[in-house]
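A.B. asks: What follows is a predicted protein model with its sequence.
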Amino acid sequence: MDFLLSKMQTDIKRAAREFAVGEFTAVAREYDINETFPRKILDKARKLDLVGLFIPEKYGGPDFGYLEQALVMEEFWKVDPGIGQQLCSVSFGAEEFLLYGTETQCQKYLPPIFNGNAIMGFAITEPDAGSDTAAAATTAVRDGDDYVINGNKVMIGNGTQGTFMLVFCLTNPEAKKKTGRHSILIVETDRPGYAADPMEGKMGLRCSDTASIYFKDVRVPQENLLGEEGNGFIQLMNFFDRSRAYVAAHGLGLAQGALDMAIKHVKGRKQFGRPLGTFQNVQFKIAEMATKIECARNMVYKAAWLLDQGKPDTRLTAMAKLYASRVAVEVVDESLQLHGGYGYFNDYDIERFYRVAKVLEIYEGAKEIEKMIIAREILGKL
């Protein structure tokens, strides 16, 4: 086994770090407070091939892999999770095109993400269908050559800023199996009947666009069906097997960023006449934090690497998402504790990191869902 990154991967990681430090640092706190969408930073990231790294060159993408995507997300989240989240979400759902899209669909929708102003989103969650995605009730009914969509989605990334959305819809309610009732449709956001309201006041990730979406008799042609009708749930699960690998890197980056802040603080802050870092209890905390992060890093990198080898591992990806998210919560908490009262004020970045951490155990598969997946993979269907 070779645990070393290639020169190319090291260069990508360094470029992502330099970009994040240079572009995020001065504005991150302001953007978080004012819930500012980072449009200019997004445009720069496109030009530097720092979005959608797993998308092939023939579709306008950087043509790297999921590991490279994870490396970039790790570096972005070390510096600012809110901007990092938005730069990740611009291509969120592109895996569905690569797995199930026609060549025509891929050529139409993916290149503008990189050479235009396209922003995509994936509308899955509903008021009464969060972790239970098979309960999604937004309908898409065939009418002539079209589907007519009606329903409501909530907590959707890029709902107000996106140019098109993938929408998880109920198309086959009569199917006996719940897993055969849904489909995924491509919906341009300028279609009549599409409306979105920003969901403001989030605890964290405040500069990333999150919205409630409403569909009222939105018509899309049947050619906007992505994959097979009634296969949407299976397609969604295969998407999660990929996206969770680099979303796990969000937790990894957040934890590493929090540790870096803690190290800087305990080296510089003095109590009882000497630096905090000289106290054994503080040293033990730093050691434990670093150990947890290293374990998470190996798990995240392996899950992403297996995807690039064409060997997705559902169990490992769920483990990586579960563990990296938990490590982020624990390390950020310890880091703020080491900052003492200073960490409670937004003059210090750890305050912003603390507000973000918990969402990692909620979105992209709540921690309870990840545990269910892992257990099912180990025990089989009982």
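C.D. replies: Yep, it's here.
A.B. asks: how does the protein divide into domains?
C.D. replies: Residue ranges for the domains of the chain, per automatic domain parsing: 7-115, 120-231, 234-379.
A.B. asks: gap between the first one and the chain center?
C.D. replies: Using C-alpha atoms, centre = their mean, to the nearest Å, the mean C-alpha position of domain 7-115 is found 11 Å from that of the whole chain.
A.B. asks: Repeat that for the longest one.
C.D. replies: Mean C-alpha position of domain 234-379 versus that of the full chain (C-alpha atoms, centre = their mean) differs by 14 Å.
A.B. asks: quick thing: my sequence starts at 16, can you match it?
C.D. replies: Fine by me, first position is 16 from now on; the one you just mentioned is domain 249-394.
A.B. asks: Can you tell me the SS state at residue 19?
C.D. replies: Of the three states, residue 19 takes coil under DSSP: H, G, I helix; E, B strand; the rest coil.
A.B. asks: Now do the phi/psi pair for it.
C.D. replies: Dihedral pair for residue 19: phi -90, psi 140, per degrees, to the nearest 10.
A.B. asks: How many residues are close by it?
C.D. replies: When counting by other C-beta atoms under 10 Å, one arrives at 8 neighbours for residue 19. Where you see a C-beta, it was placed from the backbone N, CA and C, and this is true even at glycine.
A.B. asks: State the number of residues packed around residue 365.
C.D. replies: 24.
A.B. asks: What separation do you get for it and residue 98?
C.D. replies: 17 Å (C-beta to C-beta, to the nearest Å).
A.B. asks: what's the answer for residue 82, then?
C.D. replies: Taken as C-beta to C-beta, the span from residue 82 to residue 98 is 22 Å.
A.B. asks: Now the top helix by length along the chain: buried residues?
C.D. replies: Criterion DSSP state H: the longest helix present in the chain is helix 247-283. Within helix 247-283, the residues scored as buried using 16 or more other C-beta atoms under 10 Å are 247-248, 250-251, 253-274, 276-278, 280-281.
A.B. asks: if I pick residue 217, what's in contact with it?
C.D. replies: Contacts of residue 217 were listed using C-beta atoms under 8 Å, 6 or more residues apart in numbering, and they are 50, 225.
A.B. asks: what about it, distance to residue 223?
C.D. replies: With distances taken as C-beta to C-beta, residue 217 is found 8 Å from residue 223.
A.B. asks: Just give me the residue closest to the centre of the chain.
C.D. replies: Nearest residue to the geometric centre of the chain (C-alpha atoms, centre = their mean): residue 262, 4.4 Å.
A.B. asks: surely it meets residue 379?
C.D. replies: Yes - Residue 262 lies in contact with residue 379 (C-beta atoms under 8 Å); the separation is 4.5 Å.
A.B. asks: Please enumerate the shared neighbours of these two.
C.D. replies: Contacts common to residue 262 and residue 379, judged by C-beta under 8 Å, 6+ apart, are residue 336.
A.B. asks: now the end-to-end length of stretch 209-217.
C.D. replies: Its start and end residues considered, stretch 209-217 measures 23 Å (C-alpha to C-alpha, to the nearest Å).
A.B. asks: Stretch 140-149 too?
C.D. replies: End to end - C-alpha to C-alpha - stretch 140-149 spans 10 Å.
A.B. asks: Does the closest residue to residue 72 other than its chain neighbours lie in a helix or a strand, and which?
C.D. replies: In space, and not counting its chain neighbours, residue 72 is closest to residue 78: 3.8 Å by C-beta to C-beta, 6 or more residues apart in numbering. Using DSSP states H and E, residue 78 sits in no helix or strand.
A.B. asks: Now do the contacts for residue 78.
C.D. replies: If you count contacts by C-beta under 8 Å, 6+ apart, residue 78 has them with 70-72.
A.B. asks: Sort out which one of the residues you listed lies nearest residue 22 for me.
C.D. replies: Nearest to residue 22 among the contacts of residue 78 is residue 72, at 19.6 Å by C-beta to C-beta.
A.B. asks: circling back to that earlier point, and the gap between the residue nearest to residue 72 and residue 331?
C.D. replies: Residue 78 sits 25 Å away from residue 331 when distances are taken as C-beta to C-beta.
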